[in-house]
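# for reference, the sequence and a predicted model appear below.
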Amino acid sequence: MPLRTPLHSFHTARQAKMVDFAGWEMPMFYGTGEGTGVIAEHTQVRTSGGLFDVSHMGRVRISGRHARRLLERVCSRRISDMATGQCRYSLACNERGGVHDDVIVYRMDDAEFLVVVNASNREKMLRHFEAVRTAGDLTAKIDDETAKTAMVAIQGPKVMDLVGKFSREIPALKRYRFAVKNLLIVKLVVSRTGYTGEDGVEVILPAAMVDMAMKLLLKDAGMDGENALIRPAGLACRDTLRIEAGMPLYGHELGEEINALSCGVDFAIALDKDQDERGEPYVGMEALKKVRDEGGPKRRLAGLMLEGKRAARQGMKVYIDGKEAGEISSGCLSPTLGYPIAMAFVDRDLAVDGTAVEVDTGRGDRLAGKVRKMPFYSPTKGV
């Protein structure tokens with residue numbers, strides 16, 4: 001039976017369509033009447049604000065004398081130069097240079113970190129942390145706090161103005177920073193990372209306090225009502241939002257058999273950590289250096305803009321000049337742009353902005369389009 005998050009009753013009270021996702025019962029979308037559903041929720045996030053339950057994602061606290069060293073050996077980015085109160089996106093690789101998971105690391109202090117991992121990879125990452133700790137004979141404590149905490153993401157262009165009514169500190173946070181705040185007797189970790197392309201916050205709080213916190217939010221933020229600035233949003237629109245923002249998803253753009261250098265997140269991969277005085281080589285770094293030295297991965301992630309209204313789906317083949325040159329990893333009919341967009345792994349020399357492509361639907365026809373630089377949409381650049 002799927003696990004339930006602390007916000008389960010919040011979802012069912014709003015007629016959420018619940019589905020099994022990575023072993024959790026999660027809302028796909030809310031409501032059944034006119035003005036509800038995926039497109040309505042997507043538009044709400046792009047124009048005002050949406051609240052997502054992301055409690056299914058794993059939250060692992062790593063502490064102790066060697067906590068930093070443990071994460072240096074797991075993460076593809078430097079950890080030592082993080083400041084207290086900083087978040088950092090990173091990959092955790094396997095020995096072949098594939099991706100165990102993509103994670104966000106919070107530095108609480110010099111000897112304590114919080115790591116957010118994907119729901120589908122939580123058990124695997126717990127084993128990976130322990131294996132790296134044991135192999136290095138490191139003194140570090142690994143605590144899975146997923147069950148005793150909840151996590152919500154509130155995203156959209158009007159979110160920070162609303163947050164500013166309750167806090168001066170949070171709107172002043174830079175991107176990828178966090179603060180620990182007190183709400184009555186509840187301690188909250190509030191960060192600004194985001195996964196929709198919009199600004200906003202993520203809040204981690206004790207599971208036992210969720211009902212009280214949500215009542216305060218509903219009352220003070222006016223989430224209920226016809227003119228609500230913030231409305232609940234489900235997994236379906238979270239996916240269309242992240243595709244528009246060109247953000248990778250594990251199982252699509254990231255995976256055990258997908259080389260990390262193919263995924264379009266080179267900013268999150270340091271290949272010289274072993275040359276840093278406090279840095280250490282991480283699992284998979286040597287394999288990635290070898291790929292780099294051989295000229296790079298054969299295929300790289302690229303954005304595609306397609307004609308018509310049919311969306312490309314994962315696994316469809318991409319053709320350039322009549323020859324197979326790639327494969328779709330994610331696709332949707334973009335609610336914001338009004339045309340189909342997709343991400344695909346394309347032969348590196350052909351993944352050039354403006355290159356004409358065809359996508360084989362597997363039904364005897366092909367979708368015409370072209371390579372387009374990502375993101376497809378950003379709140380600062382628009383479409």
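In hand now; what should we look at?
# now the closest residue to residue 184 other than its chain neighbours, what's its secondary structure?
By the measure of C-beta to C-beta, 6 or more residues apart in numbering, the closest residue to residue 184 outside its immediate chain neighbours is residue 212, 7.6 Å from it. The way it works is simple: take the backbone N, C-alpha and C, and place the C-beta from them, glycine included. Secondary structure assignment for residue 212 (DSSP: H, G, I helix; E, B strand; the rest coil): helix.
# before we move on, what about residue 161?
The local conformation at residue 161, judged by three-state DSSP, is helix.
# how far away is it from residue 101?
Distance, residue 161 to residue 101, by C-beta to C-beta, to the nearest Å: 34 Å.
# number of residues surrounding the residue nearest to residue 184?
As a burial measure, residue 212 scores 15 neighbours (other C-beta atoms under 10 Å).
# which parts of the chain belong to which domain?
Listed by automatic domain parsing, the domain ranges of the chain are 3-52+147-244, 58-145+259-289, 298-372.
# adding distance to residue 251 as columns, could you present these in a markdown table?
Output for those, formatted as a markdown table (distance: least, C-beta to C-beta, whole Å):
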| stretch | distance to residue 251 |
| --- | --- |
| domain 3-52+147-244 | 9 |
| domain 58-145+259-289 | 7 |
| domain 298-372 | 9 |
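# which of the ones you listed sits closest to residue 379?
Residue 379 lies closest to domain 3-52+147-244 among the domains of the chain, at 5.7 Å (C-beta to C-beta).
# who has more neighbours, residue 161 and residue 101?
With neighbours defined as other C-beta under 10 Å, residue 161 and residue 101 compare such that residue 101 has more, 24 against 12.
# can you tell me how far the more buried one is from residue 284?
For residue 101, the distance to residue 284 - C-beta to C-beta - is 12 Å.
# do residue 115 as well
17 Å.
# wait, what's in contact with residue 47?
Residues near residue 47 by C-beta atoms under 8 Å, 6 or more residues apart in numbering: 156, 157.
# what about residue 20, how many residues nearby?
11.
# looking at strand pairing, list the partners for it.
Beta bridges link residue 20 to residue 25, judged by DSSP bridges.
# I'd say it and residue 3 touch.
No. Taking C-beta atoms under 8 Å as the definition, residue 20 is not a contact partner of residue 3, at 9.7 Å.
# low-confidence ranges, this structure, go.
Scanning the chain with the threshold set as pLDDT under 70 gives 219-226, 380-383.
# what about 90?
Filtered on pLDDT under 90, the chain yields the residue ranges 1, 32-36, 162-168, 181-187, 194-195, 211-229, 273-280, 364, 378-383.
# would you list every one of the helices in it?
8-13, 38-47, 67-74, 122-135, 159-163, 169-172, 210-220, 235-244, 285-293 (DSSP state H).
# would you list those in a markdown table and tack on distance to residue 197?
Compiled in a markdown table, those are given as follows (distance: least, C-beta to C-beta, whole Å):
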| stretch | distance to residue 197 |
| --- | --- |
| helix 8-13 | 24 |
| helix 38-47 | 8 |
| helix 67-74 | 27 |
| helix 122-135 | 25 |
| helix 159-163 | 13 |
| helix 169-172 | 19 |
| helix 210-220 | 23 |
| helix 235-244 | 6 |
| helix 285-293 | 27 |
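# nearest to residue 305, out of those?
Checking those against residue 305 by C-beta to C-beta gives helix 235-244 as the closest, at 11.5 Å.
# quick check, residue 299 in contact with residue 346.
Yes. Using C-beta under 8 Å, residue 299 makes contact with residue 346 at a distance of 6.0 Å.
# residue contacts, residue 46?
Residue 46 neighbours (C-beta under 8 Å, 6+ apart): 156, 157, 198, 241, 335, 336.
# now do the contacts for the residue nearest the centre of the chain.
Nearest to the mean C-alpha position of the chain, by C-alpha atoms, centre = their mean, lies residue 195 at 5.0 Å. Counting by C-beta under 8 Å, 6+ apart, residue 195 touches 153, 155, 238, 241, 242, 245, 247.
# show me what residue 356 is bridged to.
Bridge pairing for residue 356 - DSSP bridges - gives residue 370.
# hmm, residue 54 is touching residue 154, no?
No. Checked against C-beta under 8 Å, the pair residue 54 and residue 154 is beyond contact range at 10.4 Å.
# shared neighbours of those two, anything?
residue 202.
# quick one: which of the two has more around it?
Set side by side, residue 54 and residue 154 show more neighbours around residue 154, with 26 against 22, by other C-beta under 10 Å.
# what's across from the more buried one in the sheet?
The partner residues for residue 154, given DSSP bridges, come to residue 51, residue 201.
# check contacts around it.
By C-beta under 8 Å, 6+ apart, the residues touching residue 154 are 49, 50, 51, 52, 163, 200, 201, 202, 203, 230.
# can I get the residues you listed in JSON lines with distance to residue 190?
Shown next, in JSON lines, are those (distance: C-beta to C-beta, whole Å):
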{"residue": "49", "distance to residue 190": "15"}
{"residue": "50", "distance to residue 190": "17"}
{"residue": "51", "distance to residue 190": "14"}
{"residue": "52", "distance to residue 190": "15"}
{"residue": "163", "distance to residue 190": "9"}
{"residue": "200", "distance to residue 190": "10"}
{"residue": "201", "distance to residue 190": "5"}
{"residue": "202", "distance to residue 190": "7"}
{"residue": "203", "distance to residue 190": "5"}
{"residue": "230", "distance to residue 190": "15"}
